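Participant: sequence? don't have it. structure:
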């Protein structure tokens with residue numbers, strides 16, 4: 001056979017082979033897409049991975065692997081897969097959700113809270129935001145925020161346990177402040193606890209002691225000739241004992257028109 005005919009035959013065979021491969025890949029790709037559409041993500045991932053770099057197979061493969069782990073609640077393991085496909089389907093949202101879990105696991109609660117907050121009402125993101133925000137608030141001694149957000153986090157993770165521990169800590173601090181006659185601080189702490197144990201009653205007692213102490217302070221200032229200082233305290237005690245009358249009396253001496261405090 002002449003050489004040019006041999007070359008022609010070889011090229012024809014190669015063309016037929018390549019055409020056949022393309023047809024086979026196209027069929028396999030379409031089959032994989034159908035498997036994906038049926039929600040069989042593990043099988044879809046296997047099918048797409050066999051196609052190598054054909055068409056959009058790598059993207060589908062990564063997304064499918066991510067979904068398998070996501071559906072299993074393995075969000076940290078799923079994060080790297082969604083990181084590869086952030087602009088594909090719901091990749092960005094799922095990535096951010098998984099990334100929030102990564103941040104939480106790393107105890108980067110400030111960033112975790114910001115990430116979950118940005119997700120709005122997506123799945124349980126509001127609960128995850130509350131938990132991370134509570135952890136960050138507690139670490140920064142913002143107990144009021146921590147108490148509220150642990151309550152809002154409900155039974156997520158160890159939120160309930162941390163809520164109880166924090167309440168106990170705050171209560172003990174309040175009792176200590178009360179024993180040291182720091183009634184204003186104790187009052188703020190007991191008030192923060194709401195109806196926890198006997199906090200409401202202790203808050204009432206602290207408030208009474210605090211007002212008594214402030215009233216006595218105002219009397220001392222008055223007796224020492226500090227009329228303005230005495231006036232400022234008496235006016236702040238409106239409704240307690242005869243503080244309003246005392247404020248009015250001193251106000252007249254100072255030429256101050258008493259505001260409507262009725």
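Facilitator: Yep, that arrived. No experiment lies behind these values; they were computed from the predicted model shown.
Participant: low-confidence stretches in the stretch 101-250 of the chain?
Facilitator: Residues of the stretch 101-250 of the chain that meet the criterion pLDDT under 70 lie in 243.
Participant: which residue ranges form the helices in it?
Facilitator: 109-118, 125-139, 143-153, 159-179, 183-193, 199-223, 227-236, 243-254 (DSSP state H, counting those that start in this stretch).
Participant: got the angle for the first one vs helix 125-139?
Facilitator: When axes from the mean of the first three to the mean of the last three CA atoms, to 10 degrees is applied, the directions of helix 109-118 and helix 125-139 differ by 160 degrees.
Participant: so which bits of helix 109-118 are buried?
Facilitator: By neighbour count on 16 or more other CB atoms under 10 Å, the buried set for helix 109-118 is 109-117. Glycine gets a C-beta too; all of them are placed from N, C-alpha and C.
Participant: could you dump the residues you listed to TSV with distance to residue 92?
Facilitator: Below are the buried residues of helix 109-118 laid out as TSV (distance: CB to CB, whole Å):
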residue	distance to residue 92
109	22
110	21
111	17
112	17
113	19
114	16
115	12
116	15
117	16
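Participant: one step back: ok, which of the helices of the stretch 101-250 of the chain comes nearest residue 97?
Facilitator: With CB to CB, the closest approach to residue 97 among the helices of the stretch 101-250 of the chain belongs to helix 125-139: 6.7 Å.
Participant: what packs against that closest one?
Facilitator: helix 91-105, helix 109-118, helix 143-153, helix 159-179 (3 or more CB pairs under 8 Å, 6 or more residues apart in numbering; DSSP states H and E).
Participant: those helices: which one's closest to residue 185?
Facilitator: The nearest among those, by CB to CB, is helix 159-179 at 4.5 Å.
Participant: returning to that earlier point: okay if I get the helices of the stretch 101-250 of the chain as JSON lines plus distance to residue 82?
Facilitator: Listed next are those as JSON lines, based on distance: least, CB to CB, whole Å:
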{"stretch": "helix 109-118", "distance to residue 82": "13"}
{"stretch": "helix 125-139", "distance to residue 82": "15"}
{"stretch": "helix 143-153", "distance to residue 82": "24"}
{"stretch": "helix 159-179", "distance to residue 82": "26"}
{"stretch": "helix 183-193", "distance to residue 82": "40"}
{"stretch": "helix 199-223", "distance to residue 82": "45"}
{"stretch": "helix 227-236", "distance to residue 82": "56"}
{"stretch": "helix 243-254", "distance to residue 82": "63"}
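Participant: out of the ones you listed, the one nearest residue 44 is which?
Facilitator: It's helix 125-139; of the helices of the stretch 101-250 of the chain, that one is closest to residue 44 (CB to CB) at 26.4 Å.
Participant: list the contacts of the closest one.
Facilitator: 97, 100-101, 103-104, 107, 109-110, 112-113, 116-117, 119-120, 143, 145-146, 148-150, 152-154, 156-157, 159, 162, 166 (CB atoms under 8 Å, 6 or more residues apart in numbering).
Participant: which of the residues you listed are buried, as a PyMOL select command?
Facilitator: Filtering the contacts of helix 125-139 down to the buried ones (16+ other CB under 10 Å) takes a single PyMOL command:
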select buried, resi 97+100+101+103+104+109+110+112+113+116+117+119+143+146+148+149+150+152+153+159+162+166
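Participant: picking that back up, for residue 39, find the nearest of the helices of the stretch 101-250 of the chain.
Facilitator: Comparing these by CB to CB, helix 125-139 comes nearest, at 23.0 Å.
Participant: burial measure for the residue lying closest to residue 28 once chain neighbours are set aside, as a count.
Facilitator: Excluding the flanking residues, the one nearest residue 28 by CB to CB, 6 or more residues apart in numbering is residue 51, at 6.0 Å. If you count neighbours by other CB atoms under 10 Å, residue 51 ends up with 19.
Participant: would you enumerate the residues in contact with residue 51?
Facilitator: 25, 28-29, 32, 57.
Participant: got a pLDDT number for it?
Facilitator: For residue 51, the pLDDT comes out at 92.
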